[in-house]
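Peer 1: After the sequence you'll find the predicted model.
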Amino acid sequence: MAEYVKFEVPDALAEETLVFAEKAKKKGKVRIGVNEVTKAIERGNAKLVLIAKDVEPAEIVMHLPLICKEKNIPFSYVKTKKDLGGKVGIGVGTASIAVTEEGDAKKELAEITKKLADLTK
């Protein structure tokens with residue numbers, strides 16, 4: 001487990017978050033890339049942040065869990081950058097994404113947020 005990964009996410013929940021990200025990309029708004037995600041968190045626009053576990057060097061994303069906690073924004077981890085990039089419709093991997101508008105997936109966001117809150121207690 002990478003040093004920036006604060007908790008282990010069950011595979012089912014990781015897959016659920018990826019499916020949610022795909023829906024949010026189609027009907028809502030998603031910020032892609034560490035710089036865009038950092039801005040979304042700092043501005044308080046992010047509703048959910050997803051971070052890939054296979055980022056090298058780790059320093060690229062190490063700050064994201066810290067500022068998410070500071071701003072009370074839920075965050076989770078996914079296995080690979082390729083999975084994350086593929087689900088949000090780009091041809092390459094991405095280290096992180098932030099969902100800023102969930103579109104018609106409000107119920108899914110609430111469920112994922114609750115599961116993540118239970119996981120981090």
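Peer 2: Received it, and whenever you're ready, just let me know what you need.

Peer 1: residues contacting the residue positioned nearest the centre of the chain?
Peer 2: Centroid check for the chain by CA atoms, centre = their mean gives Leu50 as the closest residue, at 1.2 Å. Leu50 makes contacts with 17-18, 21, 75-78, 84, 96-99, as judged by CB atoms under 8 Å, 6 or more residues apart in numbering. All C-beta atoms are positioned from the backbone trio N, CA, C, and that covers glycine.

Peer 1: element containing it, please.
Peer 2: strand 48-52 (DSSP states H and E).

Peer 1: what is the mean pLDDT for that strand?
Peer 2: When pLDDT is averaged along strand 48-52, the result is 95.

Peer 1: low-confidence ranges in the chain?
Peer 2: 1-2, 121 (pLDDT under 70).

Peer 1: Determine the longest helix present in it.
Peer 2: Secondary structure of the chain per DSSP state H: the longest helix is helix 11-27.

Peer 1: Quick one: distance of that helix to the chain centre.
Peer 2: For helix 11-27, the separation from the chain centroid amounts to 9 Å (computed by CA atoms, centre = their mean, to the nearest Å).

Peer 1: how about that helix as CSV, C-alpha atoms only?
Peer 2: Presented in CSV, the C-alpha positions along helix 11-27 are these (Å, rounded to 0.1, in the frame of the first residue of the first chain):
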residue,chain,number,x,y,z
ASP,A,11,-13.0,-3.8,-4.3
ALA,A,12,-16.8,-3.5,-4.5
LEU,A,13,-16.8,0.1,-3.2
ALA,A,14,-13.9,1.0,-5.5
GLU,A,15,-15.9,-0.3,-8.5
GLU,A,16,-19.0,1.6,-7.3
THR,A,17,-17.1,4.9,-7.1
LEU,A,18,-15.7,4.3,-10.7
VAL,A,19,-19.2,3.7,-12.0
PHE,A,20,-20.4,6.9,-10.2
ALA,A,21,-17.5,8.9,-11.7
GLU,A,22,-18.6,7.6,-15.2
LYS,A,23,-22.2,8.8,-14.6
ALA,A,24,-21.0,12.1,-13.2
LYS,A,25,-18.9,12.7,-16.3
LYS,A,26,-21.9,12.1,-18.6
LYS,A,27,-24.5,14.2,-16.7
